[in-house]
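Participant: model this:
(chains A and B)
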Amino acid sequence: MNRLFRSPDGQAGIFFLGFGLLTVFGALQYPVGTPAQMGPGFFPLVLGMLLSLVGIAVLFQALKGEFVAMPSVDWRSASIITGAIILAAMLLMTAGLLVAIPVLVIVASLASRTFNPVAVLGAAAFLTAMAYFIFIWGLELRIPLLWM
Amino acid sequence: MDIVSNLSLGFSISLTLYNLAFCFIGVLLGTAIGVLPGLGPLATISMLLPLTYTLEPVSSLIMLAGIYYGAQYGGSTTAILVNLPGESSSVVTTLDGHKMALKGRAGAALAIAALASVFAGTISTAAVAAFSPLLASVAFSFGAPEYFSLMVMGLVAAVILAHGSLIKAIGMVLVGLILGCVGIDTNSGVYRFTFGMLELGSGLEFVALAMGVFAFADIIANVAEKTTGAPIINKITSLWPSRKELRDAAPAAARGTLIGSVLGILPGGGAALASFAAYTIEKRVSKTPEEFGQGAVQGVAGPEAANNAAAQTAFVPMLTLGIPSNGVMALMMGAMMINNISPGPQVMTTNPDIFWALITSMWIGNVMLVVLNLPMVGLWVKLISVPYRFLYPAILVFCVIGLFSIQNQTFEIYTAALFGLFGYLLMRMKCEPAPLLLGFVLGPMLEVNLRRTLLLSRGDPSVLLTHPISAAMLGIAVLLLLTVILPQIRKKREEVFTEED
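Facilitator: Next up is the predicted model:
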């Protein structure tokens, strides 16, 4: 089972097969039509079937080939970076740019292996000022600045 | 005479102060991100795509192109001085360039790299100017079946020349094609795969997808490793190469230019592949192959000429056929579509100003790059020492604001964040994200042309084979696939790529 779930090929095969089958299922919710008069479901249906076949081929390769172990998922980095981006998006419309950018920089910096609070605060201030001058002052983008 | 009037039209636009400024910004940024090992042209161009909404189309294309070929210059600086490839295309430059630096010839290596690059850039841009109109005039006679087959051939070739597993690259193209289906179907008006989200009506945002899989995924994958330790930078003494070094470098640069120009045009080619091929060939033609890896000047000149030549000729299929040959060209195509220019042979007749201004700007940009890279090399050395822990928050800030500015809404930021996570998981499965982007860009066009083909033939797919040009292109696609599947050639391909690692 390790070969299937813990090798790059195994996981890729499962992903391709799963995504392909989901696409087939989704495409069948729309009219498929005929080759001469294709409906909206036709093209994705064909793609989904092809991808499922590719998925099966990759799975075979995983079972047959040499087992290559994968490094474990770096959940720490993944969740901090993704979380920082989502947090910034939520703050951008509610609290404004001048809050969202420092929060983005500070939270994202937690993913670094060397964390120096003074340097991070300095970077946050610098990047916020730069964002303000480039995007608000220079390019005149309309972004909420501060909730007040 | 025609080409003269075209070029003068191009220069009349690219030499305006406004466009010169954007060309300069492009090559400056390109050099900077080329120098920085943590940031490549893919991430940078996707980061700057939202800006192109506010700029003139010509200026934004000139700037984005400058980033791509500028990165080829910058990448060699880091390769030579720190033994880290600033760009994937300068991996081979580390082999001999860094050895030269260890021998105290860092300045000479930098000078050779820059001179070989500018030589290659000048020649290959002339090739682009000469070949593009020819190719475009052929493409004008294309109907829907020819276009469909051309895109299939382009995707197959791109997949074959791509690094890594063939079958997984095909899978990634298909995933990209499927993601391209999201949005309102133009023929029926049906909302496909939008899951009730109105924002998805116009399809997944190209910029969000590109930023997610290139910029965000890359940060997630590298943040732990790259925030430890600092690089050791070699000293530069004199920038002047010796007479012997120049004599050895010149023929290598000429060969590199030729190889790079050819490989750049091929779908799936591009700068990285060209530099590997050039290095292999230099080693083979050399009378003293044992010097390679010990600081052979040909090992710097050849690959550096090749990667720059390829970075310019890669524009040919994108500009003339509307087929992106690699990830960066897919982004350039996206930039054109954002500005309502649909890439293809008609660009040359409907927007000759844009086409020729872009080409002439490459000459100007290459000249700027030599000035930027040689006398100012000290500045770039300082940039290498900017730690990644400051770099990646800056990338995130630019991306987040850029994503917001596309539609003045946060939907695209969330989309990109999810694609970042998705792209990271794909990287772990050893699936390259570039084929996904190619599929995504070509998907809608592939579908439209397939529909048109089969509508005209009343559902009979054999037209794809009875039209000679279409049949020839599908034949090439099949042949290409066969060559890879046949064991002997597959072994060769693996050899080429293991040298790369």
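
Participant: could you use CA atoms for every contact and neighbour count after this?
Facilitator: Noted.

Participant: got the phi and psi for B:Ser141?
Facilitator: phi -80, psi 0 (degrees, to the nearest 10).

Participant: tally of neighbours for it?
Facilitator: As a burial measure, B:Ser141 scores 10 neighbours (other C-alpha atoms under 10 Å in any protein chain shown).

Participant: could you do B:Leu479 as well?
Facilitator: B:Leu479 sits with 12 neighbouring residues when counted by other C-alpha under 10 Å.

Participant: that one: which element?
Facilitator: Under the criterion of DSSP states H and E, B:Leu479 resides in helix B:468-485.

Participant: now tell me what touches that helix from outside.
Facilitator: Residues from elsewhere that reach helix B:468-485 (C-alpha atoms under 8 Å, 6 or more residues apart in numbering or on different chains): B:145-150, B:152-153, B:156-157, B:160, B:464-465, B:489-490, B:493.

Participant: what's the mean pLDDT across it?
Facilitator: What helix B:468-485 shows for mean pLDDT is 85.

Participant: output the below-cut-off pLDDT ranges for chain A.
Facilitator: Filtered on pLDDT under 70, chain A yields the residue ranges A:1-2, A:148.

Participant: may I see the buried residues of stretch A:125-140?
Facilitator: Buried residues in stretch A:125-140, counted by 16 or more other C-alpha atoms under 10 Å in any protein chain shown: A:Ala125, A:Leu127, A:Thr128, A:Met130, A:Ala131, A:Tyr132, A:Phe135, A:Ile136.

Participant: how long is that stretch from one end to the other?
Facilitator: 20 Å (C-alpha to C-alpha, to the nearest Å).

Participant: other SSEs contacting the helix or strand harbouring B:Val159?
Facilitator: B:Val159 belongs to helix B:144-161 when elements are defined using DSSP H and E. If you count contacts as 3 or more C-alpha pairs under 8 Å, 6 or more residues apart in numbering or on different chains; DSSP states H and E, helix B:144-161 packs onto helix B:166-180, helix B:433-456, helix B:463-466, helix B:468-485.

Participant: what's the following helix or strand after the first one?
Facilitator: Going down the chain from helix B:166-180, the next helix or strand is strand B:183-184, by DSSP H and E.

Participant: partner strands of that following strand, parallel or antiparallel?
Facilitator: Partner strands and pairing direction for strand B:183-184 (DSSP bridges) are strand B:191-192 (antiparallel).

Participant: show me what the strand it pairs with is in contact with.
Facilitator: Strand B:191-192 is contacted by residues A:Tyr30, A:Pro40, B:Cys181, B:Val182, B:Gly183, B:Ile184, B:Asp185, B:Gly201 when judged by C-alpha under 8 Å, 6+ apart.

Participant: after that strand, heading C-terminal, what element do we hit next?
Facilitator: Of the helices and strands lying after strand B:191-192 in sequence (DSSP H and E), the nearest is helix B:206-210.

Participant: which other residues reach that next one?
Facilitator: Where contact means C-alpha under 8 Å, 6+ apart, the residues beyond helix B:206-210 that reach it are B:43, B:46-47, B:49-50, B:331, B:334, B:403, B:412-413, B:415-416, B:419, B:437.

Participant: so is whichever helix or strand comes after that helix next to chain A?
Facilitator: Sequence order places helix B:217-226 as the next helix or strand after helix B:206-210, per DSSP H and E. Yes: shown here: helix B:217-226 in contact with chain A (C-alpha under 8 Å from any C-alpha of the partner chain) through B:Ile219, B:Ile220, B:Ala221, B:Val223, B:Ala224.

Participant: among the contacts of helix B:206-210, which are in helices?
Facilitator: The members of these that map onto helices under DSSP state H are B:Ala43, B:Ser46, B:Met47, B:Leu331, B:Gly334, B:Leu403, B:Glu412, B:Ile413, B:Thr415, B:Ala416, B:Phe419, B:Leu437.

Participant: just the closest of the residues you listed to B:Thr125, please.
Facilitator: B:Leu331 (19.9 Å; C-alpha to C-alpha).

Participant: B:Gly459 against B:Leu450, yeah?
Facilitator: No: at 10.1 Å, B:Gly459 and B:Leu450 do not qualify as touching, with contact defined as C-alpha atoms under 8 Å.

Participant: between these two, which one's more packed in?
Facilitator: In this view B:Gly459 and B:Leu450 are compared by other C-alpha under 10 Å, and B:Leu450 has more residues nearby, 23 against 17.

Participant: pick the most buried one from the helices and strands packed on helix B:144-161.
Facilitator: Highest mean neighbour count among the helices and strands packed on helix B:144-161 (mean count of other C-alpha atoms under 10 Å in any protein chain shown): helix B:166-180, with a mean of 25.

Participant: CA atoms only for that one - export them in PDB, please.
Facilitator: The C-alpha coordinates for helix B:166-180 follow below in PDB (Å, rounded to 0.1, in the frame of the first residue of the first chain):
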ATOM      1  CA  LEU B 166       6.100  12.100 -19.800                       C
ATOM      2  CA  ILE B 167       2.900  10.600 -18.700                       C
ATOM      3  CA  LYS B 168       2.500  12.900 -15.700                       C
ATOM      4  CA  ALA B 169       3.200  15.900 -17.900                       C
ATOM      5  CA  ILE B 170       0.300  14.700 -20.200                       C
ATOM      6  CA  GLY B 171      -1.800  14.400 -17.100                       C
ATOM      7  CA  MET B 172      -1.000  18.000 -16.100                       C
ATOM      8  CA  VAL B 173      -1.900  19.300 -19.500                       C
ATOM      9  CA  LEU B 174      -5.300  17.500 -19.200                       C
ATOM     10  CA  VAL B 175      -5.800  19.000 -15.700                       C
ATOM     11  CA  GLY B 176      -5.000  22.400 -17.200                       C
ATOM     12  CA  LEU B 177      -7.500  21.800 -20.100                       C
ATOM     13  CA  ILE B 178     -10.200  20.800 -17.600                       C
ATOM     14  CA  LEU B 179      -9.600  23.900 -15.500                       C
ATOM     15  CA  GLY B 180      -9.900  25.900 -18.700                       C
END
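
Participant: ok, it near chain A or not?
Facilitator: Yes: Helix B:166-180 reaches chain A (C-alpha under 8 Å from any C-alpha) through B:Ile167, B:Lys168, B:Ile170, B:Gly171, B:Leu174, B:Val175, B:Leu177, B:Ile178.
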